[in-house]
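Asks: Here is my input; please provide its structure:
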Amino acid sequence: MTESLRPSGEYGSPAPVNPEWPPPPAYAPPRQSASEFAREPAPQPTTAFAREPAPQPASEFAQEPATEPAPQPASEFAREPAPQSAKRKRARGPAALLAAVAIVAAAVGGGTAYGVQELTGNDTVASSSTSTNVVPSSQKGTVSGVAEAVTPSIVEINATSNAGSSTGSGVIITSDGEIITNNHVVSGASSIEVRTSDGKTYTAETVGTDSSKDLALIKLQDASGLQTATLGDSDGVRVGDQVVAIGSPEGLTGTVTSGIVSALDRDVTVSTDESEGQQQQRQGGGWPFEYGGQEFNGDTGSSTTTYKAIQTDASLNPGNSGGALIDMNGNIIGINSAMYSASGSGSSSSDAGSVGLGFAIPVNTVKSDLSALRSGSTD
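Replies: Next up is the predicted model:
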């Protein structure tokens with residue numbers, strides 16, 4: 001009789017019998033009722049009953065559902081973090097994308113810089129169409145900052161010829177020793193000796209000259225790793241701009257003076273006669289030149305050339321020829337070429353020295369002439 005109330009093996013024995021059910025009747029119930037009771041326990045293993053074990057009384061049979069379904073709520077919670085993790089991944093998506101873009105940009109930028117270096121090589125002239133800050137930001141706009149940054153790129157030149165010897169200055173434009181200077185400093189020289197700011201001495205040879213612009217290019221022998229100057233843009237120079245001049249007046253290597261741009265586009269006439277000019281220099285004056293219908297530093301002779309120049313009141317003296325006129329960012333804006341030295345004109349000692357009348361060849365003229373000088377021009 002009681003066996004008919006328990007689910008048979010074919011319906012699954014795990015279903016428990018609720019102890020609160022009424023006791024079985026004294027008579028045998030019909031099999032239909034047994035089938036109904038046997039079918040009711042079947043849904044209990046489903047999720048609905050598995051998630052609600054609490055209403056069942058605490059009994060030996062009720063404890064089993066309490067222990068077995070326990071992992072199921074955990075599984076419910078285990079399934080919920082999945083979308084949270086997905087959200088976190090989506091939240092990280094933009095950051096990861098930005099990081100990836102930054103890495104790619106850095107790689108492309110580095111590759112571009114490397115490509116430019118490979119194409120230009122170490123002997124490319126450092127040139128800028130705009131003002132480049134060569135001077136450290138902490139010293140920007142100071143004469144001392146300009147001097148510290150540019151002096152290693154300025155040299156002293158001693159040239160010897162049949163007419164005698166002359167001293168001038170020059171600007172290093174490539175790390176292997178290309179140097180821009182004035183034509184009148186090295187013209188006709190049989191030997192050229194160059195001394196850098198660190199005291200090293202090199203032998204140099206003339207590569208090309210242009211007497212019409214008073215420019216020359218010389219090349220040091222067995223030089224490497226030299227600090228080069230940055231050629232700026234003289235078209236951007238304005239009257240009143242502060243400037244610094246560096247050169248070797250009277251053989252005093254690395255002399256620094258400062259002033260302003262006094263005027264632009266001055267017509268300056270200089271001698272192209274080697275013997276005439278060098279004779280004047282030996283007498284204590286600078287290279288002869290004419291300005292405003294007047295002659296300075298002696299007779300320019302019959303062989304002359306005229307060019308547009310930057311006028312400055314920065315102190316220039318014999319030996320500054322070929323040196324640098326520099327803006328306050330450390331860019332070369334001109335090559336000093338002519339200066340009035342009263343001491344060489346028969347003046348009294350009280351008038352000797354710089355009188356604030358100096359001229360420089362604009363650096364854009366240098367840059368436009370550089371390819372011809374490198375080709376060995378001797379105009």
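
Asks: Quick one: the strands in the stretch 201-350 of the chain, in order.
Replies: According to DSSP state E, counting those that start in this stretch, the stretch 201-350 of the chain carries its strands in the segments 201-210, 215-220, 230-231, 242-247, 255-271, 289-291, 294-296, 304-312, 324-327, 331-341.

Asks: Which stretch among those approaches Ile179 most closely?
Replies: Within the strands of the stretch 201-350 of the chain, the stretch nearest Ile179 is strand 215-220; the backing value is 5.1 Å (CB to CB). For glycine as for every other residue, the C-beta is placed from the backbone atoms N, C-alpha and C.

Asks: what helices or strands is the closest one leaning on?
Replies: strand 178-181, helix 183-186, strand 191-195, strand 201-210, helix 363-374 (3 or more CB pairs under 8 Å, 6 or more residues apart in numbering; DSSP states H and E).

Asks: go again using 10 Å as the cut-off
Replies: Other elements packing on strand 215-220 under the criterion 3 or more CB pairs under 10 Å, 6 or more residues apart in numbering; DSSP states H and E are strand 154-161, strand 164-172, strand 178-181, helix 183-186, strand 191-195, strand 201-210, helix 363-374.

Asks: Need the strands of the stretch 201-350 of the chain in TSV (columns: mean neighbour count and mean pLDDT).
Replies: Shown next, in TSV, are these (neighbours: other CB atoms under 10 Å; pLDDT from 0 to 100):
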stretch	mean neighbour count	mean pLDDT
strand 201-210	18	96
strand 215-220	26	97
strand 230-231	24	96
strand 242-247	25	97
strand 255-271	19	92
strand 289-291	21	69
strand 294-296	16	71
strand 304-312	20	91
strand 324-327	31	97
strand 331-341	28	90
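
Asks: Send over stretch 325-337 as CSV, restricted to the C-alpha atoms.
Replies: In CSV, the C-alpha atoms belonging to stretch 325-337 read as follows (Å, rounded to 0.1, in the frame of the first residue of the first chain):
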residue,chain,number,x,y,z
LEU,A,325,76.4,87.7,-36.5
ILE,A,326,73.8,85.9,-34.5
ASP,A,327,70.2,86.5,-33.4
MET,A,328,69.1,85.9,-29.8
ASN,A,329,67.9,82.4,-30.5
GLY,A,330,71.4,81.4,-31.6
ASN,A,331,70.8,81.4,-35.4
ILE,A,332,73.5,82.7,-37.8
ILE,A,333,71.9,85.7,-39.6
GLY,A,334,75.1,87.1,-41.2
ILE,A,335,78.8,86.7,-41.8
ASN,A,336,80.7,89.7,-40.6
SER,A,337,82.7,91.2,-43.4
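
Asks: Count the neighbours of the residue nearest to Gly322 when sequence neighbours are not counted for me.
Replies: Leaving aside its sequence neighbours, Gly322 sits nearest to Thr181 (CB to CB, 6 or more residues apart in numbering; 3.4 Å). Thr181 has 30 neighbouring residues, counting by other CB atoms under 10 Å.
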